[in-house]
Each structure stands twice: as structure tokens, then as C-alpha cells.
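Peer 1: I'll drop the sequence and a predicted model, then ask my questions.
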Amino acid sequence: MKRTQRILFSSFVLSFFLVLTACDRSSQGTVITAAAPAEKPDGQIRLEAAAAKTIHTDLVGVKPAKTEIAISGKVQYDEDRLSRISSPIVGRTVEIKVKLGEQVAKGDILMTIDSADINSAYADYFRARSDLAFSQKALDLAKDLYESKAIARKDLQQANNEYMKAETEFNRSKSRLLSLHVQEKELDHPPAVQSRFYLKSPLSGTIIEKNVTLGQTVGSDPAQNLFTVADLSTVAVVGEIFEKDISEVELDQEISITVDAYPDLIFHGKIDYIGDLVDPVTRTIKIRGKVKNPGRKLKPEMFARISIEAGDQEEGISIPQSALFNEGKEQFVFVALSDQTFRRSNVTLGAQSSREAHVVTGLKAGDRIVTEGGLLLKSMAESNS
């Protein structure tokens, strides 16, 4: 009797263990099915609803394929928006108003110079203005006397000559002040200290160079560059194009610029200069484009990649580069069959640009392709292969 009980107890324990094992395997199988969508036998990939929401798709359309010429270049200052500023007079620096990197507006004072030259120029101007006023009165009086026959004609002529001399001297002294960047409206209201000269910015921009210190004596040598002001809202991009491609390039043609510092940003501009000389060594021709620079992100001397759209070819299917994947010598995309089902499609490419690729085979108009989130599908396809 006891032996029968022991056999029954052992059978019960074994049955209970088998049931637990089966339940554990069943629960594990349920977790795998829920968390890892599987590739279907026919090559299709199905995602769970949550994962499918991360996939972005777009319809394939037919349009002219763009060809592109890609060259290397460099960012430079726009010379039309750059000013190297020197002093027109000799004097001593008594005040510096700006710092390196500071933004200035056209007409802002950069520095104050104490100079005997400006004092002399003001003195000449005031003397000439006074002489002109006196000569004008003398000429008016001579005209009245001549009409009354109180003086001879030669006396009237003499008064007129004196007036013309005074007028010439006045215009000379006035031009001297204007050449020193004194505004004409300031001539009637001169500064209290007439030995002070105010060096002003000729354009709005950024102080990119400063070569003067307080107390320094500056001269009238144009080669003595005190400040450089640059408007960086637009920059120039310079590159060299092979002579075989020059027929595809013309003035005002649109270009796209990318730099390593901002790989996801594309800057746009137009060609404003095409060189007339071919480099005999490299067989290239210089070109330059003016590029808008929002946020002043493009810095002079940055290396840049310049893309030039060289015109349209025959119509065909064009897709964004973001939809393309490479595997060895093959290129492929993912086609959306439904909101949650996708399949890989190998494609043959024609002309390409930095943004688009022309598809020769592998897609048809009306197909919906994955443009964002394709890496998830690629990794799932590889794990199931």
C-alpha cells in the first residue's frame, strides 16, 4: 500500500513539473510575438502599430530628373560688403568706442582722434566762410555804386574777382572737411572741441579686425588698417569647376552649399562670377557665388561643398536620397504595401543630385516609399535573413 502511494505521489510531481514547463514556454512565445514583428515568408515586413507610426512615406511621382555638378570650395567674405578702415588724418587715439566682434551700424563712431589737422581744417573753413560773406557784401555794394555811376566798371570787376576767389577758397576748405568724413549738416554745428576727429563706420556689420590701441598715434597712410567691418549676412563661396563642365554653368544659376559644421543644413545662393582663365595645371575655372547666411553660421575660410544644378533631363521617377539604401553594389528602397506592411525593392539609378536620385527600374509612379524610418526596416530585414 505504501509503495502504491509513493508511485502516485511521484507521478503527481512529474505531471505538475511538466505543466509548469509548458506554461513557461507558452508565455515566452507570447512575448516574442508581441515585441518583435516578424518578416513574412514572402519577404514582406510587418510592424506593430506603435512602430509603424515612426515610419514616414511619400508617393512616387514622375518629373524631370536633375543633374548636378559637385565641386569643393571655400567660404570667403563678400568684398562688396567689406570695409577696411584707416584714418584720413594724423593724430592720437583718445577713445575707442567698439570691441572686436561687436555689431555696428553705418555712421557709428568707431574711435576718436585728437588731431591738429582737423583743427586746422575747421579753422580754414570758418575763415573762408567769413571771407566769402564779406566778399558777397562788397560785391553787392559795388553793384549798387556802379548802377549809381559812383564807381568805374573796373572797380565792379575787381569786387567780382575778389568774390570768386573767396568762393573758390570756401569750396576748397569745405571739400577738405568733407573728405575727412565730416557730414555737411555738421558744418554749421561744429563740435565743441574742434581738434577731435570721429572715425565712423561706412557700413553696417561686424568688427572682424581691430588694430589700434588707446593712445596710439595713427597716420594718414591708407595701408594702416585700423578696423575691418564686414556684413556677414551674405558671404561669397569660391570654387573651381572643370573646363568640361563649364558649358553647364551660367551667371545667376542657383547653387546649394553644405559645410561639415552643419551637415543637415543647406545654404542657397547664385553664381555671380565665372572666370575667364583656365588653370593650365588643373584645367579648372574659378567660379564664385553669393550665399545668404542666416544666423551668420557660415564662417570665412570654412571648406564647403558646392552643388550646381546643371539642368533637366528626360522625365522619370525621382526619389529623395533619404529613401535610398546601399548594400554592396545594390541600391534599394522600402515600398509601403499598407500602413504596417512593407517590402524591399531593388532599384537601378540614373542621374543623381545631393537631394534626389532618378530611378530607372524598380519603382513605378504611384508607389509609396519610405522616406524616414527605413533603418528600422533595414535592421529587421537583416535580422530575419
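Peer 2: Yep, that arrived. Numbering: from 1, shown residues only.
Peer 1: The stretch 251-385 of the chain: helices as residue ranges?
Peer 2: 374-384 (DSSP state H, counting those that start in this stretch).
Peer 1: just for it, where's the confidence low?
Peer 2: Scanning the stretch 251-385 of the chain with the threshold set as pLDDT under 70 gives 311-315, 351, 353-354, 385.
Peer 1: can you give me the strands in it?
Peer 2: Listed in chain order, the strands of the stretch 251-385 of the chain (DSSP state E, counting those that start in this stretch) span 254-258, 267-274, 284-292, 303-320, 325-327, 330-336, 341-352, 356-361, 368-372.
Peer 1: Next, format these as a markdown table and append distance to residue 159 and mean neighbour count.
Peer 2: Yep, even glycine has a C-beta here, placed from its N, CA and C like the rest. Putting the strands of the stretch 251-385 of the chain into a markdown table (distance: least, CB to CB, whole Å; neighbours: other CB atoms under 10 Å) gives the following:
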| stretch | distance to residue 159 | mean neighbour count |
| --- | --- | --- |
| strand 254-258 | 67 | 19 |
| strand 267-274 | 58 | 16 |
| strand 284-292 | 58 | 19 |
| strand 303-320 | 69 | 17 |
| strand 325-327 | 93 | 13 |
| strand 330-336 | 94 | 19 |
| strand 341-352 | 83 | 17 |
| strand 356-361 | 82 | 19 |
| strand 368-372 | 88 | 18 |
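Peer 1: so which of those strands comes closest to residue 76?
Peer 2: strand 284-292 (8.1 Å; CB to CB).
Peer 1: got a list of contacts for the closest one?
Peer 2: For strand 284-292, the surrounding residues in contact (CB atoms under 8 Å, 6 or more residues apart in numbering) are 75, 78, 233-243, 246, 249, 255, 257, 267-275, 277-279, 298, 306.
Peer 1: ok, residue 142 to residue 293 distance?
Peer 2: Residue 142 is 64 Å from residue 293, where distance means CB to CB, to the nearest Å.
Peer 1: What of residue 46?
Peer 2: 47 Å.
Peer 1: Same drill for those two, tell me which one is more crowded.
Peer 2: Remark: of residue 46 and residue 293, residue 293 carries more neighbours, 20 against 16, as counted by other CB atoms under 10 Å.
Peer 1: residues touching the more buried one, list them.
Peer 2: 232, 233, 234, 235, 267.
Peer 1: now the residue nearest in space to the middle of the chain, nearest residue through space, not along the chain?
Peer 2: The residue lying closest to the centre of the chain (CA atoms, centre = their mean) is residue 293, at 2.3 Å. Closest residue to residue 293 apart from its sequence neighbours, by CB to CB, 6 or more residues apart in numbering: residue 235 at 4.9 Å.
Peer 1: Mean confidence (pLDDT) on the host helix or strand of the one you found, please.
Peer 2: Element membership for residue 235, per DSSP states H and E: strand 234-242. In this model, strand 234-242 carries a mean pLDDT of 94.
Peer 1: how about that strand: buried residues?
Peer 2: For strand 234-242, burial by neighbour count (16 or more other CB atoms under 10 Å) applies to 235, 236, 237, 238, 239, 240, 241.
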